[in-house]
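*Asks:* need a 3D model of the sequence below.
(chains A and B)
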Amino acid sequence: MHYMDYRLNLATRMLVNKRGSLIGAILAVSIGILVIHVNFVIFQGIYDAIIRDMSDYRFGDVFITHEEEGTIERSDSVYRAWLERFPAVKAATPRLGGTADMEFLSMGKINEQYDIAVLGVEPVSDIQASKIHETIGDGQYVYARNSIVVGETVARDLGGCFVGVKSALRGGGSDPTVTGDQIDNDCTVRVGDSVKLIMENRLGEEVSKRFVVSGISETAGGQGFDSSVIVHIDTLRSMLERPDESNSILVRMNDRNTFVVNDLISQFSAAYKNDDLLVENIEQSAESTLKGFRSGIAMINLIGYFGMMSSAFAIVTIQMMLVNSKTREIGVMRAIGARRRDILLVFILQGMIIGAIGAGVGTGMGLAYTTYAKETNMQFQGSLALEVNYNWKKIGETALLAFGLAMLASIYPSYRATKLQPVEAMRNV
Amino acid sequence: MSDIVLELKHVTRIFGSGDTEVRALDDVSFTINRGEFVLIVGSSGSGKSTLLNMIGLLDKPTSGTVILDGQETAKLNDGKVSTFRNKKLGFVFQFANLLPDLTVLENVMLPQQIQGGKNIRKKASDLLIKVGLEDQIKKRSNKISGGQAQRAAIARGLVNSPTIVLADEPTGNLDSVTAQKVVKLAKTMARELNQTFIIVTHDRDQFPDVDRVITIKDGHAFEGEETTMEITA
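*Replies:* Residues are numbered from 1 along each chain as shown, chains lettered A, B, ... in the order given. Here you go, the predicted model:
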């Protein structure tokens, strides 16, 4: 019959018979892990949500622009035809941007005039390649050449119910949001209202066109085009005298696997190497937005890991107490022939037991929190919903790190235990 | 094989130095033969526990030599001393000193487990039956009486079939009836197993029938008992 190693048996029994210390040490480890999980769910969740929304609304999975110029002069249909032959590509759509003054006419007179960013989309392919159409809370997407989707912020600001800010809006340079004036919800632009865009074309001529508001776009956290308006790309091209031109081509993949995406990028770049195109994946295209955020996440993670380090100090303290309370037993064991390494092993095994149970409990609590956040589409004060993922590699690494730290933390108390001389230890009877 | 299992040659142990120097043992020499039941007696502070620590390799002499089962112990490193203690010596302490986290059986198995022996459970169980603790085997060692704990400690001391069993005041913490039972048990085991026993005590009367008595007084050891002369007017 096989018996558990006596050192493991003794380590386990000593811990079980000191439940208070055991529970304290396990809590120290598990709370350290929980903090890291919570940090990860919240901050990585926000980061991933931003990537998700940027990919869905602005950049797709692959984003194509001109390396030097603001516009791509060759017809987008050439590129789209090539891209859509690629099996992993779901759709590709062109986009063109511009700026305009926008007039909102109410009761036959100009209610408000506003500097605004204009996005031109090709609605049929855009619906396949992006999710901006899903942000239309009221009305519908750009369905005709004279229809316009107004961002929720624009719709609100154009309503004209701000007191004393009209001149600031028109004159530019002042931020209407700092006036502190109240918004009257009855004064927003609505579906069916008429607005006029006044733009300057490539020849420097002022052109204007009237549109009917087909929908209001609103996104959580303002990640979409809440501060812009969206029109049909052909209308915008026509107004700007830029036929066939686009600023960017947004590509949506069926398969978002990094290898597949990068394969597409390299093949596309090779196919059009003389066109001076910049072809980027979402991480690259969103880099400027995400760079600062990543530093923030790294800082938050660092704080989490410092928390875990303090758990390790708690284990050192608890184990020192354990060693001090077991000096007689250590002395007896040494007297009956246990070597220093046997004593060392008993207390390191205790650290491993604490680490293993603490890692298990902490991971369990962390997973419970992650599941809760995922199932409830956790968001904070109406901001964008967190993109919660089970990052098993990170979960495993955190558990292993906690286990390793608990084991490391037990080395010093264990070493102290081995330094006890049997005679000295037994004198403490 | 030599009959001498223990030889002390000019063993001296000094604690402290200068004005605080204490000579706990001073030039102690004697031998003990296999199978002897030896009593080391002395009053409190005479140096008998220090002597036991020397014999038990729990402490090292300042000078002199301890030869155990033919091996000069001063040359052994800490690991070898531990192994030597495990194989050659069995300990019975005044307070039994069973590990409270383990059962009675696990306590008795422990020296064998440290050694990595075979049939550990059977050997430990047999010894516990011999000392009359067959019904206490599965109990936690802190749940049994002092007398039972001391009997379990004797079983633990014997389980590795050591060259010498060292007992430090084994009856010091027991009432007289229980003490007598423990003494009887130790003598029975010594006789049955031809086991060398060295018992340190301040209470000579608890052990009336022993092979030899070594008396320690002021750090000096001499064979036999100290005689006192009562002068009456």
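*Asks:* check which helix or strand covers residue 14.
*Replies:* Just going to use chain A. helix A:6-16 (DSSP states H and E).
*Asks:* the intended chain is chain B.
*Replies:* Per DSSP H and E: strand B:4-15 holds residue B:14.
*Asks:* other SSEs contacting whichever helix or strand comes after that strand?
*Replies:* Note on strand B:4-15: by DSSP H and E, the next helix or strand toward the C-terminus is strand B:22-33. Under the contact criterion of 3 or more CB pairs under 8 Å, 6 or more residues apart in numbering or on different chains; DSSP states H and E, strand B:22-33 touches strand B:4-15, helix B:48-55, strand B:63-68, strand B:196-201, strand B:212-217, strand B:220-223. Using the backbone N, CA and C atoms, a C-beta is placed for each residue, glycine as well.
*Asks:* flag every buried residue along strand B:22-33.
*Replies:* In terms of neighbour count (16 or more other CB atoms under 10 Å in any protein chain shown), strand B:22-33 has its buried residues at B:23-26, B:28, B:30, B:32.
*Asks:* so can I have TSV of those showing pLDDT?
*Replies:* Listed next are the buried residues of strand B:22-33 as TSV, based on pLDDT from 0 to 100:
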residue	pLDDT
B:23	90
B:24	91
B:25	92
B:26	91
B:28	93
B:30	93
B:32	94
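*Asks:* quick one: which two of those residues are the most distant?
*Replies:* The distance between the two most remote of the buried residues of strand B:22-33 (CB to CB) is 22.9 Å, for B:23 and B:32.
*Asks:* still on that earlier bit, residue A:343: which of the helices and strands packed on strand B:22-33 is closest?
*Replies:* Comparing those by CB to CB, helix B:48-55 comes nearest, at 18.9 Å.
*Asks:* so residue A:386 makes contact with residue A:372?
*Replies:* No. Judged on CB atoms under 8 Å, residue A:386 makes no contact with residue A:372 at a distance of 11.2 Å.
*Asks:* have a look at these two and say which one is more surrounded.
*Replies:* Neighbours were tallied for residue A:386 and for residue A:372 using other CB atoms under 10 Å in any protein chain shown; the higher tally belongs to residue A:386 (23 against 12).
*Asks:* circling back: now the strand holding residue B:14 - C-alpha only, CSV.
*Replies:* This file holds the C-alpha atoms of strand B:4-15, laid out as CSV (Å, rounded to 0.1, in the frame of the first residue of the first chain):
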residue,chain,number,x,y,z
ILE,B,4,30.7,-1.6,23.0
VAL,B,5,28.0,0.5,21.4
LEU,B,6,29.0,3.8,23.0
GLU,B,7,32.3,5.2,24.1
LEU,B,8,32.9,8.7,25.5
LYS,B,9,36.5,9.8,25.7
HIS,B,10,37.3,12.9,27.7
VAL,B,11,34.2,14.7,26.7
THR,B,12,34.0,18.3,27.8
ARG,B,13,31.3,20.8,27.1
ILE,B,14,31.7,24.4,28.0
PHE,B,15,29.0,27.1,27.6
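*Asks:* residues in the stretch 301-429 of chain A within reach of chain B, list them.
*Replies:* A:328-329, A:332-342, A:421-423, A:426, A:429 (CB under 8 Å from any CB of the partner chain).
*Asks:* what about those residues, which are in helices?
*Replies:* A:328-329, A:332-335, A:340-342, A:422-423, A:426 (DSSP state H).
*Asks:* in chain A, what residue is nearest chain B?
*Replies:* residue A:337 (2.3 Å; CB to the nearest CB).
*Asks:* buried subset of the ones in helices among the residues of the stretch 301-429 of chain A next to chain B, written for PyMOL?
*Replies:* To isolate the buried members of these in PyMOL, using 16+ other CB under 10 Å:
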select buried, chain A and resi 328+329+332+333+334+335+340+342+422+423+426
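*Asks:* how far away is residue A:90 from residue B:68?
*Replies:* 84 Å (CB to CB, to the nearest Å).
*Asks:* more crowded one of those two?
*Replies:* residue B:68 (22 against 17).
*Asks:* how about the contacts made by residue B:91?
*Replies:* Residue B:91 makes contact with A:335-336, B:56, B:153, B:156-157, B:165-168, according to CB atoms under 8 Å, 6 or more residues apart in numbering or on different chains.
*Asks:* so the helix or strand bottoming out on mean pLDDT in chain B versus strand B:196-201, what angle?
*Replies:* Sorting the helices and strands of chain B by mean pLDDT, DSSP states H and E puts helix B:176-193 at the bottom, at a mean of 84. Here the directions of helix B:176-193 and strand B:196-201 differ by 160 degrees (axes from the mean of the first three to the mean of the last three CA atoms, to 10 degrees).
*Asks:* so which bits of chain B are right by chain A?
*Replies:* Looking at chain A, the residues of chain B close enough under CB under 8 Å from any CB are B:53, B:56, B:58-59, B:78-79, B:82-83, B:85-87, B:91, B:93, B:95, B:97, B:99-102, B:106, B:109-111, B:113-115, B:120-121, B:156, B:160.
*Asks:* can you redo the helices and strands packed on strand B:22-33 as CSV with mean pLDDT?
*Replies:* Formatted as CSV, the helices and strands packed on strand B:22-33 follow (pLDDT from 0 to 100):
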stretch, mean pLDDT
strand B:4-15, 93
helix B:48-55, 89
strand B:63-68, 94
strand B:196-201, 91
strand B:212-217, 92
strand B:220-223, 89
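*Asks:* for residue A:253, which of the ones you listed is the nearest?
*Replies:* helix B:48-55 (78.0 Å).
*Asks:* helices or strands next to that closest one in the packing?
*Replies:* In terms of contacts (3+ CB pairs under 8 Å, 6+ apart), helix B:48-55 is packed against strand B:4-15, strand B:22-33, strand B:37-41, strand B:63-68, strand B:164-168, strand B:196-201.
*Asks:* just the pLDDT at the closest residue to chain A within chain B, thanks.
*Replies:* Closest contact between chain B and chain A, by CB to the nearest CB, is at residue B:86 (2.3 Å). As predicted, residue B:86 sits at a pLDDT of 94.
*Asks:* that one against residue B:160, yeah?
*Replies:* Yes. Counting by CB under 8 Å, residue B:160 is a contact partner of residue B:86 at 6.5 Å.
*Asks:* list residues touching both of these two?
*Replies:* Taking CB under 8 Å, 6+ apart as the criterion, residue B:86 and residue B:160 both touch A:337, B:111, B:115.
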